[in-house]
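A.B. asks: model this:
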Amino acid sequence: MNYMAEATWENYDPEKQADLRIAKLLALLPSDVQTILDAGCGNGIITNKLIAKYQVTGLDISPAALKYLQCPSVQASVTEIPFPDRSFDVIICNEVLEHLDNASLQKAFPELKRVAKKYIIISVPHKEQLEKLYYRCANCGFIEHPYGHLQSFSEETLSTYLAPEFYLKKREIFGPLNRDFIPLLLNIKQRWLKQWFNPASGLKCSRCQQEKFEINKSLLTKGINLLNRLLVHPRPYWYMGLFIRKTQEL
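C.D. replies: Numbers count the residues shown, from 1 in each chain. The predicted structure follows:
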């Protein structure tokens, strides 16, 4: 997914899944919040819903995305937030951190903690099994996640990254049901039977720019999929947590 491209943001959420995240976010926002930084705001699909009640600033690396914002905005990365310490009552960071590599992640969390005066609200996929969604290019063999996800988070890992300055106060686990894949069955399906995730139409391999992928469906792969459905229970896809600076209480 090319976050710098205009086309990415023109119809970013056709299934309106952001509506549920907005509702959960509004419910988590403490009553004393006045100023908000939406760090990694994208096209403002959530940011623009907050401006009627709060003083909101959007931050994103993509100028194409920022064109849609209806509030003050700045083009920057969550790894280098261009604001002084404790500039905003709350920093919200929705569906951003999973896209960062390890080096960027180590920079992003200190920046979020530095700029937040009272609270940080983070939303990420919950314990995402990254490998399940890997696709493999049929032309060059490159393997990657179709949405550019590089990290998987649990409540424990988020709490560790935000400690010792912040602690978890409230959290929600919600959203569409998502079923993990038993690692052995996934390995057989992908490596032996050559059935990988089928990416959305129009997606190109980021290495060779081809649109052909290894999607070899067969009776065996269908049987593996059925067996996994019988053995693994689905669980909600998203995690959202409200973290509070230790000197701050609701």
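A.B. asks: list the contacts for the residue positioned nearest the centre of the chain?
C.D. replies: Centrality entry for the chain: nearest residue to the mean C-alpha point is Glu95, 2.4 Å, by C-alpha atoms, centre = their mean. With contact set as C-beta atoms under 8 Å, 6 or more residues apart in numbering, Glu95 has these partners: Arg21, Gly40, Gly42, Ser123, Val124, Pro125. C-beta here means a position set from N, CA and C on the backbone, and glycine is covered the same way.
A.B. asks: do the same with Thr57
C.D. replies: Thr57 sits next to Thr35, Ile36, Leu37, Asp38, Cys71, Pro72, Ser73, Val74, Phe88 when contact means C-beta under 8 Å, 6+ apart.
A.B. asks: repeat for Pro146
C.D. replies: Counting by C-beta under 8 Å, 6+ apart, Pro146 touches Met1, Leu133, Tyr135, Phe197, Pro199, Ala200, Leu203.
A.B. asks: follow-up on the earlier one: of the contacts of Thr57, keep whichever come out buried.
C.D. replies: For these, a burial check counting by 16 or more other C-beta atoms under 10 Å picks out Ile36, Leu37, Asp38, Cys71, Ser73, Phe88.
A.B. asks: now those in a markdown table, with pLDDT?
C.D. replies: Converted to a markdown table, those look like this (pLDDT from 0 to 100):
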| residue | pLDDT |
| --- | --- |
| Ile36 | 98 |
| Leu37 | 98 |
| Asp38 | 98 |
| Cys71 | 96 |
| Ser73 | 97 |
| Phe88 | 98 |
